[in-house]
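> Sequence and computational prediction follow.
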Amino acid sequence: MPSITRAEVAHLARLARIALTDAELDHLAPQLDVILSAVARVGEVAAADIPPTSHALPLTNVLRDDVVRPSLAVADALAGAPAAEGGRFRVPRILDPEILDGAPADG
Amino acid sequence: MTSTVESYNEVLIHFQPVIGLETHVELGTASKLFCGCPTQFGAESNTQVCPTCLGLPGSLPVLNRAAIEYSMRIGLALHCDIATWCRFARKNYFYPDMPKNYQISQYDEPLCTDGYLDVEVGSGDEARTVRVGVERVHLEEDTGKSLHVGGATGRIGGATHSLVDYNRAGIPLVEIVTKPVEGAGAEVAKAYVTELRDLLRGLGVSDVRMEQGSLRCDVNVSLRRPGEPYGTRTETKNLNSLRSVERSVRFEVERQGAMLTAGNRIVQETRHFDESTGSTTPGRSKEEAQDYRYFPEPDLVPLAPPREQVEAIRAALPEPPSVLRRRLAETHGFSSLEMSQLAGAGVVDLVAATVAAGAPAGEARGWWLSYLAQQANARGVDAADLPVTPEQVARVIAMVADGSLTNSLARQVIDGVLDGEGGPDQVVAARGLAVVSDDAALGAAVRDAIAAQPDAAEKVRGGKMAAVGALVGAVMKTTRGQADAAKVRELLLAELRPHEAGPTDPV
Amino acid sequence: MAEPGLAADVITGTAAELAGVIASGEVSAVEVTQSHLDRIAAVDGDVHAFLHVAGEAALAAARRVDERRAAGEALGPLAGVPIAVKDVIATAGLPTTCGSRILQGWVPPYDATLVRRLTAAGLIVLGKTNMDEFAMGSSTEHSAYGPTHNPWDLDRIPGGSGGGSAAAIASYQAPLAIGTDTGGSIRQPAAVTGTVGAKPTYGGVSRYGLVALASSLDQAGPCARTVEDAALLHEVLGGHDPLDSTSIDAPVPPVLDAARRGAAGDLTGLRVGVVRELSGEGYQPGVQQRFGEAVELLTELGAKVTEVSCPHFSYGLAAYYLILPSECSSNLARFDAMRFGLRVGDDDLNGAEEVMARTREAGFGDEVKRRIILGTYALSAGYYDAYYGQAQKVRTLIARDFTVAYGQVDVLVSPTTPTTAFRLGERLEDPMAMYLTDLCTIPANLDGGPALSVPVGLAPEDGLPVGLQVMAPSMADDRCYLVGAALEAALDDRRGHPLLAEAPKR
């Protein structure tokens, strides 16, 4: 079934926000092809009526009470930030408001 | 493109609009959906964050019990089925507002499905009920907020960088998605959101303040010619007032009607509504279709609400707004027009609560539709968000009825309550606002006024009744507004034209 | 190297012995800690087990333990014993890099739950150990900070991803360490370094503060030189944590008691299943040989050994390399240069999207990129059902294989790894060959059950350690310790010394 093209890898890298170099794309496409051929074996198992397992444990309804706990101090929250300004995280300009599609909302 | 009532109605002659609404409601829980950070609106930036809602490496979510209960309350009030077993899912996309670059949401296993909300549109003979089908109600987390810096007025375009506050990130958000509503336009859209807001407020699950973003709407609009399949739809996002919901649908119907009439195609896209122009504009078109790569959230275990809990929540649901309105109309004799005025102002439940607290229906209606509505308007909030309770309003009405306040004093008492000076009785005491009903004191004030303005007094004696106003004003001034103006007038006339004055009520 | 005599015992003794001499007052926690810091200074230049040594903080913590003891406080059984922590665990005030450049210099503002437990129990955190970047790998060669070397042969891999923790123990730089195991990252390094490593039942040890690789598979656990030491540490780490929704709300299985019972050497009545599918082609002869001898030994100790078939295990590797990349592509999305970590290309011209992509390009290594791309693919619309969805169904079938097997036997055994430690660089350019290293360890992660690796000798052909894996049903971790301790005691008895005593002296 597999056979992943260089163009597909480039598309996936954009989705995953990794600016792969041309050399990496050249290298990665055939490697992924090998891996995909191997993992495609899962398709050989007849499992049409088998339920998928998403969790290793049969737990349900793990809930916490609606109780406020202390938050981090602002200084600690921002300590690891590459850039901060006025108590906020400073990030590069957001070019594409369209990514908001599906987002709850912009502020 | 002109936006007129004529062109809107014109489009409706040839096309049937189909709308769909997605409403996001921030729940009023004390803590966030997956961590113990508080949810207060307006706190200093990044003071309500922790490793979990900041998405720091290694942190994990744990679900808030109250958020699940609130969601079920909403689902049941919308006549939905509650899932016997469901999972959360990760919705993967990158955005700086979203700490983990995935949103924990629900995908193909929503908590609540297949319900409806009946909304009333039109009034008088035109009144009708439209049933809006509810596809699903699910729970997800909100994002942070960005402030765009360097461009004009905080907008994205032209900004050099953005500043992000994650206080909002992780606040529980319920998404309510309707089925397509055929033949529904701007009026139904607005009525639906209004009805939903009243319902949610009655359920006590959210403060539903659109201007603060705790209730926000996306509206899908498409047009079709009668008998044809659904047309291509557009989605207008992030509408944050009832008025915007109505205007944006109206605009989209007109715009799409004009496009289709001219033989053009509608492009499926996301659009943004501009409050200042009343028009929608397309978002930047996407290079590639979004692929959210949903999969079950492995950090949370499945949810299986016990049936006893579901039934207990159902049994405890408050009366829905429509029933409340009907009861109010029947019990208090409100006309259909009066009811729609109350509904339009969003004060039905407030009037009901004021009546329940002992006020006569007409008085309660009057206060909420006039003075309190004005105060809300002046403060830029919904009447429901005024810092005065229906019980306090009822108390003020009672004080007017027993004569201890005049209407003018009552408004001052309400002002005091709104300014945070305490309850009505405290304000009366603190401001010294009791009616001056001591005849002796009033009599002295009346005589002083006559002595001070002999000309006016002479005019009244001569039959020029208009002049009495100046004297009443003077008395009111000396009593600091605490006298009953009608009573003052009576006393003045008794003094100046004794042959005409009727018997004075012993106060 | 520390002074001979007492100091040497402090370095080479077990954690249990060390705890004993600290408790009796023979040595102080500060002396023990200083000895280990000296040892690290002496040998870690060759081994490179540590990414960060927290000398001052460790000594301060040791002083607090000594003070508490002097004040007459009752302390836990491992109080004062030093420990190394894998760098994938969040430690407040100590750098936590996950072996990645993207987290270089990041200091978490919080402690993982298991670190809080260590501290509360009086263990002394010596530092953070090397690992394959974000725990992706079987050799530590994918660490952005250079590989760790196997103390048995510095040209060979120490296993991975937790090669740093295993090598630290094997080279006596710490008596105990924390590892994390997503597909074998505790057990495989234990096997190739001649040490003990246990993956607890999924949900047995809190994941709060463990930087996630694959959330549904990850599990932290103990690394030690003896089964008893691993059990002592397991009991400190285990137990319910309200901050982890997948944490089991039940008492920790009685692993220490099991380890002590096992050491007595009687396995009468225990039913042991040898997994037929985890042997044969691709397994190194010396590994097969030592494994076979150990199984015979189990029979001699009274166990009833049978062969058991788990037919879907042969699909385990394929299912794993779909589930893991899928989950990790999402888990690693948060490394985006916005809130913490590396940022590349921020010049007020590039947008956030560009800065994210450039940072992730520069900050992630090849293996991480490979798996993120693979997972992004497996979760994509149009491929989800054939890949991720189908892999989850195979996961169900593998769990059913375990259920059927545990109807017949109490524990399952297999070699921990198909081969002994390979040479550094040998499989670096062949990802599939690297992935095969995890063949035997992956099924337990897919199932969630506990598994422990114990050394069973050296392969005759290369003189390198071989590990045997014991697997058990969820929450029956004690059975793994029982069998592991029995084998360890019997083998040490025959040999006359622990296997590690045969490692080259450094």
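Alright, I've got the coordinates. Treat the numbers as computed from the prediction; the structure is a model and nothing was measured. Residues are numbered from 1 along each chain as shown, chains lettered A, B, ... in the order given.
> going forward, measure contacts and count neighbours with C-alpha atoms only.
Noted.
> Pairing partners for B:Thr129 in the sheet, please.
B:Glu120 (DSSP bridges).
> how many neighbours does it have?
12 (other Cα atoms under 10 Å in any protein chain shown).
> Quick check: most distant residue from the centroid of the chain.
Answering for chain A, as no chain was given. Residue farthest from the centre of chain A, counting by Cα atoms, centre = their mean, is A:Val67 at 29.9 Å.
> Does chain C have contacts with stretch B:17-36?
No: applying Cα under 8 Å from any Cα of the partner chain, one finds stretch B:17-36 separated from chain C by no less than 8.7 Å.
> C:Gly365 touches C:Ala144, doesn't it?
Yes: shown here, C:Gly365 and C:Ala144 form a contact pair, counting by Cα atoms under 8 Å, at 7.0 Å.
> Now the common contact residues for the two.
Listed contacts common to C:Gly365 and C:Ala144 are C:Ser100, C:Glu133; contacts here mean Cα atoms under 8 Å, 6 or more residues apart in numbering or on different chains.
> picking that back up, my read is that the residue farthest from the centre of chain A contacts B:Phe34, right?
No: contact criterion Cα under 8 Å: A:Val67 and B:Phe34 do not qualify, at 11.1 Å.
> in the stretch 301-450 of chain B, what residue is nearest chain C?
Relative to chain C, the nearest point of the stretch 301-450 of chain B is B:Val301 (6.6 Å; Cα to the nearest Cα).
> Based on its surroundings, how many neighbours for that residue?
Neighbour tally, B:Val301, other Cα under 10 Å: 25.
> so C:Gly197 is in which element?
Per DSSP states H and E: C:Gly197 is located in strand C:196-199.
> Other residues contacting that strand?
Residues outside strand C:196-199 that contact it (Cα under 8 Å, 6+ apart) are C:180-181, C:184, C:186-187, C:189-191, C:219-227, C:230, C:450-455.
> Helices - which of those land there?
C:Arg187, C:Pro189, C:Ala190, C:Ala191, C:Val227, C:Ala230 (DSSP state H).
> Filter these down to the buried ones.
Among the ones in helices among the contacts of strand C:196-199, the ones that count as buried by 16 or more other Cα atoms under 10 Å in any protein chain shown are C:Arg187, C:Pro189, C:Ala190, C:Ala191, C:Val227, C:Ala230.
> Any stretches of chain A with poor pLDDT?
Along chain A, segments meeting pLDDT under 70 span A:1-2, A:95-107.
> The stretch 251-400 of chain C against chain B: which residues are in contact?
C:330-331, C:333-334, C:338-340, C:348-349, C:352, C:376, C:379-381.
> Try it again at 10 Å.
Listed as neighbours of chain B in the stretch 251-400 of chain C under the rule Cα under 10 Å from any Cα of the partner chain: C:326-327, C:329-340, C:346-353, C:356, C:375-381, C:383-384, C:388-389.
> tell me which element B:Leu372 falls in.
Counting by DSSP H and E, the element that carries B:Leu372 is helix B:371-379.
> And that helix, what does it pack against?
Counting contacts by 3 or more Cα pairs under 10 Å, 6 or more residues apart in numbering or on different chains; DSSP states H and E, helix B:371-379 packs against helix B:361-369, helix B:407-418.
> Buried ones in the helix or strand that that helix is followed by, by neighbour count?
Remark: after helix B:371-379, the chain's next helix or strand is helix B:390-401, criterion DSSP H and E. Residues B:Pro390, B:Glu391, B:Gln392, B:Val393, B:Ala394, B:Arg395, B:Val396, B:Ile397, B:Ala398, B:Met399, B:Val400 are the ones in helix B:390-401 that count as buried (16+ other Cα under 10 Å).
> Residues contacting helix B:390-401, please?
Residues outside helix B:390-401 that contact it (Cα atoms under 10 Å, 6 or more residues apart in numbering or on different chains): B:349-360, B:363-364, B:367-368, B:372, B:384, B:389, B:403-411, B:413-414, B:417, B:422-425, B:428, B:434-435.
> Tell me how far that helix lies from the chain's centre.
23 Å (Cα atoms, centre = their mean, to the nearest Å).
> Do a quick rundown of the helices in the stretch 201-350 of chain C.
Per DSSP state H, counting those that start in this stretch, the stretch 201-350 of chain C carries helices over the ranges C:227-237, C:255-263, C:285-300, C:316-331.
> nearest residue to C:Pro82 other than its sequence neighbours?
Using Cα to Cα, 6 or more residues apart in numbering or on different chains and skipping the chain neighbours, the partner closest in space to C:Pro82 is C:Ile124 (4.4 Å).
> quick one: that neighbour and chain B, what's the gap?
Distance, C:Ile124 to chain B, using Cα to the nearest Cα, to the nearest Å: 21 Å.
> can you pull the contacts of the residue nearest to C:Gln104 when sequence neighbours are not counted?
Counting by Cα to Cα, 6+ apart, C:Gln104 lies nearest to C:Thr97, which is 5.5 Å off, once chain neighbours are set aside. Counting by Cα under 10 Å, 6+ apart, C:Thr97 touches C:51-52, C:86-90, C:103-108, C:128-131, C:133-134, C:143-145, C:211, C:341.
> Are any of these buried, and if so which?
Applying 16+ other Cα under 10 Å to the contacts of C:Thr97 flags C:51-52, C:86-90, C:103-104, C:106-108, C:128-131, C:133-134, C:143-145, C:211, C:341 as buried.
> Next up, the contacts around the single nearest residue of the stretch 1-150 of chain C relative to chain B.
Per Cα to the nearest Cα, C:Ala90 is where the stretch 1-150 of chain C lies closest to chain B, at 6.6 Å. Neighbouring residues of C:Ala90 by Cα under 10 Å, 6+ apart: B:56-59, C:96-98, C:106-115, C:128, C:208-211.
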